[in-house]
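> Build the 3D model from these lines:
(chains A and B)
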Amino acid sequence: MLQLSIFLENAKGRLAEVVSLLAELKVNLRALSLADTKDFGVLRIIVDDPELTTEKLRERKVVVSLTHVWVLKVPDRTGGLAEVLNQLVKHDVVIEYMYAFVEKENEQARVVIRAQDQAVMEKAMRELNLPLV
Amino acid sequence: MEKQWLEGLRRTVDRVLPIPYYQERFRKLGIHQAEDIHTLRDFQKLPLTTKEDLRQNYPFGLFAEPMENIVRLHASSGTTGKPTVVGYTKRDIKLWSKIVADELRRAGVTPKDVVQIAYGYGLFTGGMGLHYGCEELGAVVVPISGGNTARQLMLMRDFGTTVLACTPSYALYLAESLEESGISREELKLRIGVFGAEPWTEGMREQIEARLGIKAYDIYGLSETMGPGVAMECPAHDGLHIDEHFYPEVLGPDGNPVAEGIQGELVITSLDKEGFPVLRYRTKDLTTLHYGACSCGHTGWKMERVSARVDDMLIIRGVNVFPSQVEEAILSIGGFEPHYLLIVERTGNLDQLEVQVEINDTSFFDEVRELEGRQERLQRKIEEILGISIRLRLVEPKSIPRSEGKAVRVIDKRR
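Residues are numbered from 1 along each chain as shown, chains lettered A, B, ... in the order given. Okay, here's the model as predicted:
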């Protein structure tokens, strides 16, 4: 799946501005995570039509990049995530970053994973046959 | 050659001798007539002229012709104090036109070209200087002046503009605007750019050439010495040919002339100007001179592209810093936009330099570690070139104001 990453200058109100812009563009945010450093932030979002949203954001002078991520279903119980991650580790997957969200229809947990090596992740997913979204 | 130069230099000395301001300064040196100058060494003993001298004689005190013979005035913007005013006779205007026409011709401009002059028109010499030169050459002139970027691009397409003349920063802004305008590059016939009036780097030339798909030429001049055309590049792109109607010198930090090949402040003497002959004028532009034959076949003085203006120099914690050095660093790393701003502040007793650089879709990376790595590489490169530590702030596109004339690169809050 494609995730949108948005560059945020470290300026007061900038996050609110970008989120308002997304609302104005009628983009529904399915998942969101914010990475911040001392100088800037990166807003990562999962939306329904990542390509179209990217295009619209670029028209509005927002710096966006598209990144391949994996969205996995995770059993919604204690130890559910640990189970999945341990399996991935056994298959040599190194995770760059990860964030979780809950799908509102069936209250199911989801994790968004960015793997360091795309090919290794692909192979692991094939062999493990984990439930994808 | 020395003989020819001396003849021209004596002509200029003769022209300025009747002006009381010069007379007095010459008398102190024991020079009463042009014939007292026998060698170039003698000439180098003559006093230098500065912007301050022009201000003291505001407005017309250093003109060598009565006002009835003057047909045009230009003035440089005086950001502080009074502007410096220059005057031209009919013959001066003709000569200036011819100089610019010859240089444009050497760069490949022909009477078939349509030249869009996006330099400012008015007291600034950029617009009118190029205008008269292009007419002399016989090209079609579009005197659009600076600004109104959407209209610039529309007319560029509709008029079939082949040559663009403006500041390099405005050229870059036009390139950027073109990418967003809905006008495709294929609809334009643009092939040559004539850019000047501010220092720019070789990296900037490559950017502009690639983004506009043109050949870019550096043109040099300042109103006090005539205007654009004092020097211009030829297709060899190996320095700017100084027109033969000017005699150049370069001064070292002690104010004395340095040898060919050594960098310093450019000093210009006009050899044939009537209305406002200029004698050893300190341009405050840093460059290096070379004399010899160019691969284009032309023999004479060449100056390297102006790397910086003395006036643009910032002294930060005792180190000399030029904005163009930041440009050089950005373009040598690649990926970042050459839109930048230097902000100098003093916190406590310490000067702090913040450099803001715009990020773009190519330089932005989703992984924070990678992005920080890029930021760090750029920061290190800038620090390496400047020789001081800086704070680098990546900012969003278009957050640094664009200029339609000379770009603003520095905000010095210490003043």
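> what's across from the residue in chain A positioned nearest to chain B in the sheet?
Here chain A gets closest to chain B at one residue, residue A:5, 3.8 Å apart by Cβ to the nearest Cβ. All C-beta atoms are positioned from the backbone trio N, CA, C, and that covers glycine. In this entry, residue A:5 is beta-bridged to residue A:44, residue A:65, by DSSP bridges.
> now swap in residue B:231 and tell me
Assigned bridge partners for residue B:231, using DSSP bridges, are residue B:220, residue B:242.
> Also residue A:70?
Bridge pairing for residue A:70 - DSSP bridges - gives residue A:113.
> Please list all residues in contact with residue B:409.
Taking Cβ atoms under 8 Å, 6 or more residues apart in numbering or on different chains, we find residue B:409 in contact with B:312, B:323, B:326, B:340-342.
> repeat that for 6 Å
Applying Cβ atoms under 6 Å, 6 or more residues apart in numbering or on different chains, we find residue B:409 in contact with residue B:323.
> Go ahead and confirm the residue of chain A closest to chain B touches residue A:44.
Yes: Residue A:5 lies in contact with residue A:44 (Cβ atoms under 6 Å); the separation is 5.2 Å.
> Report the secondary structure state of the closest residue to residue B:382 other than its chain neighbours.
Excluding the flanking residues, the one nearest residue B:382 by Cβ to Cβ, 6 or more residues apart in numbering or on different chains is residue B:329, at 4.3 Å. Recorded secondary structure, residue B:329: helix (DSSP: H, G, I helix; E, B strand; the rest coil).
> Double-check residue B:329 against residue B:386; I have them as touching.
No: assessed by Cβ under 6 Å, residue B:329 is found out of contact with residue B:386, at 7.8 Å.
> Of these two, give the one with the bigger neighbour count.
Neighbours were counted for residue B:329 and for residue B:386 using other Cβ atoms under 10 Å in any protein chain shown; residue B:329 has more, 25 against 22.
> Backbone dihedrals for residue B:274, please?
phi -100, psi -60 (degrees, to the nearest 10).
> What sits closest to it if chain neighbours are left out?
residue B:89 (4.5 Å).
> Check residue B:171 too.
Residue B:171 sits nearest to residue B:208 (Cβ to Cβ, 6+ apart), 5.1 Å away.
> ok, the one you found to chain A distance?
In this view, residue B:208 and chain A are 21 Å apart by Cβ to the nearest Cβ, to the nearest Å.
> In contact with that residue, which residues?
Contacts of residue B:208 by Cβ under 6 Å, 6+ apart are B:171-172, B:216.
> Check residue A:93 too.
So residue A:93 contacts A:115, A:120-121, A:124 (Cβ under 6 Å, 6+ apart).
> Could you export the residues you listed as TSV, including secondary structure?
TSV is the format used below for those (three-state DSSP):
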residue	secondary structure
A:115	strand
A:120	helix
A:121	helix
A:124	helix
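> of these, buried ones?
Using 16 or more other Cβ atoms under 10 Å in any protein chain shown as the burial test, these include A:115, A:121, A:124 as buried.
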